[in-house]
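In: Sequence below, structure please.
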Amino acid sequence: MKQDSQAITKLILKAARKAREETSNEPEPDLVKLVRWPVECTVGPGLEGAIACESKVGYVNGSKGWLVYRGYDIFDLCAYSTFEEVSYLLINGKLPSSSELAEYKGRLIEYRYLNQTLRLLLGFPLEQMNTMSALRMGTNMMRQEFTHRDERSGQPVFSDIIGSDEDSIPMETAPKGNRRAIYEFRRKNKAMRSRANELFDKASGIEACYHLLSGVATVAAMIARVNRGAMPIDPDPNLSFAANFLYMMNGRRPTPMEERVMDVSLILHADHGMNASTFAAMVVASTLSDVYFSIGSGIAALNGPLHGGANEQVMHTLAAAYESGDPRAWIRKVLEKKNKVPGFGHRVYKAYDPRARVLAPLAKYLVRDNPEVRPLQETAEVLEAEVVAKLGAEKQVFPNVDFYSGLVYRCLGIDSEMFTPVFAVSRVAGWTARVQEYMERNRIFRPRARYTGEFNKQYVTVEER
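Out: Next comes the predicted model:
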């Protein structure tokens with residue numbers, strides 16, 4: 001089994017060498033330096049291109065195919081690190097020492113146990129629910145179990161806060177680029193301010209981030225079990241994060257190879273810039289809501305078919321191409337009709353997605369022991385060759401993370417309906433890291449819309465309409 005782990009590391013390093021040969025070494029000069037507010041930028045619909053904040057958490061360079069966490073290249077982290085180390089890095093800003101890592105792992109193990117939350121969840125018809133809906137509900141129940149925010153005594157001290165919507169700030173005038181909100185907690189009443197900060201920290205501090213990281217995995221695993229008609233099983237404190245997650249979903253301890261692949265997959269999905277779900281989590285946090293509600297909002301955003309779930313659609317596409325009897329002819333017909341192919345192209349990447357560079361060889365490695373999945377993996381290689389030949393050079397359309405992740409998950413025994421919850425389990429690390437960072441210089445998000453409606457319309461009573 002050690003040979004499998006070494007082989008996986010070699011595959012990752014080989015993908016890294018190829019990626020570095022195809023890209024240059026300079027980051028985007030205008031997007032990797034401190035912002036001098038107010039900033040000028042070209043903004044498209046959906047805030048595309050807008051600069052909302054500064055961040056040291058992660059960096060995506062779509063034109064070069066880069067993904068960086070806290071300064072570390074994603075290939076190096078996948079080859080040498082673990083999800084525990086990487087999640088600590090994202091949330092705390094540095095790699096842990098041996099003692100810090102041991103303590104951190106202990107906290108994550110402690111927070112795997114959600115007895116009250118699971119009992120409450122089992123009272124709902126989870127097998128009839130959308131898996132992401134169930135996951136979001138579980139997150140809210142974790143909030144109730146581990147904080148006092150749902151009790152009257154746990155409500156924020158509203159008398160200590162000015163301008164809850166910050167509409168008292170003249171935001172309808174040109175922004176002046178203040179680095180933090182103008183109106184914050186009153187300074188004259190330290191006791192009240194301390195109480196408000198204490199409540200905020202209780203449900204939004206580092207420990208809450210750790211609790212969510214482990215707890216969301218436990219809830220997701222329980223949902224997977226219930227959907228299979230099985231009862232949840234207790235965590236195993238002797239297993240790593242990745243191994244325990246697979247164990248709680250599948251009911252058996254994974255092999256070292258499966259553990260390693262799951263670990264790499266979690267690392268690859270942990271953070272990815274200011275995507276929709278990350279932005280949703282940060283918007284909620286900026287109102288001084290807590291991190292539990294913020295992560296719940298991230299889960300809700302990830303549920304949307306334009307964000308999460310694409311890898312599930314990829315599996316349907318691969319099955320259709322394979323069942324056609326001639327995948328090459330099948331995909332050529334699709335391309336002739338100019339239809340989109342799930343798993344190809346990306347809003348950010350105009351080069352090969354680095355996550356797909358890692359997952360593609362992992363999928364090929366895993367199907368050696370999965371004859372049922374092997375035909376789909378071989379079909380994927382045919383589709384990739386055809387799509388890249390047709391659209392790669394001209395339109396910069398390449399496989400993204402979703403094209404091969406579903407194949408990897410299927411080989412690990414994960415059902416298709418759990419693909420997006422698994423994504424969420426990993427992304428909690430990035431969501432919480434960015435929320436914590438943004439709250440250090442919080443300013444409530446308040447973009448504007450351009451009004452295109454009518455003026456001076458005369459009101460007509462309901463009797464005359």
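In: so where's the stretch 201-350 of the chain shaky on pLDDT?
Out: 201-203 (pLDDT under 70).
In: which residues of it fall in helices?
Out: All helices of the stretch 201-350 of the chain, identified by DSSP state H, counting those that start in this stretch, fall at 206-227, 241-250, 256-268, 276-286, 291-302, 310-323, 327-336.
In: so which of those helices comes closest to Leu383?
Out: Smallest distance to Leu383 across these (Cβ to Cβ): 5.0 Å, for helix 327-336. C-betas here are computed from N, CA, C, even on glycine.
In: Would you check that Asn400 makes contact with Tyr349?
Out: Yes - using Cβ atoms under 8 Å, Asn400 makes contact with Tyr349 at a distance of 6.6 Å.
In: Now the helices of the stretch 201-350 of the chain in JSON lines, please, with extra columns for distance to Gly453 and mean neighbour count.
Out: Below are these laid out as JSON lines (distance: least, Cβ to Cβ, whole Å; neighbours: other Cβ atoms under 10 Å):
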{"stretch": "helix 206-227", "distance to Gly453": "41", "mean neighbour count": "23"}
{"stretch": "helix 241-250", "distance to Gly453": "49", "mean neighbour count": "24"}
{"stretch": "helix 256-268", "distance to Gly453": "44", "mean neighbour count": "24"}
{"stretch": "helix 276-286", "distance to Gly453": "25", "mean neighbour count": "23"}
{"stretch": "helix 291-302", "distance to Gly453": "27", "mean neighbour count": "25"}
{"stretch": "helix 310-323", "distance to Gly453": "35", "mean neighbour count": "19"}
{"stretch": "helix 327-336", "distance to Gly453": "41", "mean neighbour count": "16"}
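In: closest to Leu11 out of those helices?
Out: helix 256-268 (9.7 Å).
In: Quick one: residues in contact with that closest one.
Out: Residues from elsewhere that reach helix 256-268 (Cβ atoms under 8 Å, 6 or more residues apart in numbering): 1-2, 4-5, 8, 12, 74, 77-78, 81-83, 86, 240-243, 245-246, 254, 355, 358-359, 362, 366, 401, 405, 408-409, 411-412, 422, 425-426.
In: Can you show me the CA trace of that helix as PDB?
Out: Included here for helix 256-268 are C-alpha records, laid out as PDB according to Å, rounded to 0.1, in the frame of the first residue of the first chain:
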ATOM      1  CA  PRO A 256      -4.400   3.600   2.400                       C
ATOM      2  CA  MET A 257      -4.700   4.300  -1.300                       C
ATOM      3  CA  GLU A 258      -8.300   5.400  -1.000                       C
ATOM      4  CA  GLU A 259      -7.400   7.600   2.000                       C
ATOM      5  CA  ARG A 260      -4.600   9.300   0.100                       C
ATOM      6  CA  VAL A 261      -6.800  10.000  -2.900                       C
ATOM      7  CA  MET A 262      -9.600  11.300  -0.800                       C
ATOM      8  CA  ASP A 263      -7.100  13.500   1.000                       C
ATOM      9  CA  VAL A 264      -5.800  15.000  -2.300                       C
ATOM     10  CA  SER A 265      -9.400  15.600  -3.500                       C
ATOM     11  CA  LEU A 266     -10.200  17.500  -0.300                       C
ATOM     12  CA  ILE A 267      -7.100  19.600  -0.700                       C
ATOM     13  CA  LEU A 268      -8.000  20.500  -4.300                       C
END
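In: quick one: it to chain centroid distance?
Out: 16 Å (Cα atoms, centre = their mean, to the nearest Å).
In: coming back round to it: now distance to Arg434 too, for the helices of the stretch 201-350 of the chain, in TSV please.
Out: TSV is the format used below for the helices of the stretch 201-350 of the chain (distance: least, Cβ to Cβ, whole Å):
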stretch	distance to Arg434
helix 206-227	11
helix 241-250	20
helix 256-268	17
helix 276-286	6
helix 291-302	10
helix 310-323	22
helix 327-336	37
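In: So which of these is nearest Tyr438?
Out: Here helix 276-286 is closest among those (Cβ to Cβ), at 5.2 Å.
In: Report the inter-axis angle for the closest one versus helix 291-302.
Out: 150 degrees (axes from the mean of the first three to the mean of the last three Cα atoms, to 10 degrees).
In: Show me what helix 276-286 is packed against.
Out: Where contact means 3 or more Cβ pairs under 8 Å, 6 or more residues apart in numbering; DSSP states H and E, helix 276-286 is packed against helix 291-302, helix 419-439.
In: which residues are in contact with it?
Out: Helix 276-286 is contacted from outside by 52-53, 204, 271-272, 291, 293-295, 297-302, 304, 306-308, 427, 430-431, 434-435, 438-439, 442-445, using Cβ under 8 Å, 6+ apart.
In: Restrict it to CA atoms and write it as PDB.
Out: Presented in PDB, the C-alpha positions along helix 276-286 are these (Å, rounded to 0.1, in the frame of the first residue of the first chain):
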ATOM      1  CA  ALA A 276     -20.300  32.500  -5.700                       C
ATOM      2  CA  SER A 277     -20.500  30.400  -2.500                       C
ATOM      3  CA  THR A 278     -17.500  32.100  -0.900                       C
ATOM      4  CA  PHE A 279     -18.900  35.500  -1.700                       C
ATOM      5  CA  ALA A 280     -22.300  34.400  -0.300                       C
ATOM      6  CA  ALA A 281     -20.700  33.400   2.900                       C
ATOM      7  CA  MET A 282     -18.700  36.600   3.200                       C
ATOM      8  CA  VAL A 283     -21.800  38.800   2.500                       C
ATOM      9  CA  VAL A 284     -23.700  37.200   5.300                       C
ATOM     10  CA  ALA A 285     -20.700  37.500   7.700                       C
ATOM     11  CA  SER A 286     -20.300  41.200   6.800                       C
END
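In: Distance from that helix to the middle of the chain?
Out: The answer for helix 276-286 is 11 Å, by Cα atoms, centre = their mean.
In: Out of the contacts of helix 256-268, list just those in helices.
Out: 2, 4-5, 8, 12, 74, 77-78, 83, 86, 241-243, 245-246, 355, 358-359, 362, 366, 401, 405, 408-409, 411, 422, 425-426 (DSSP state H).
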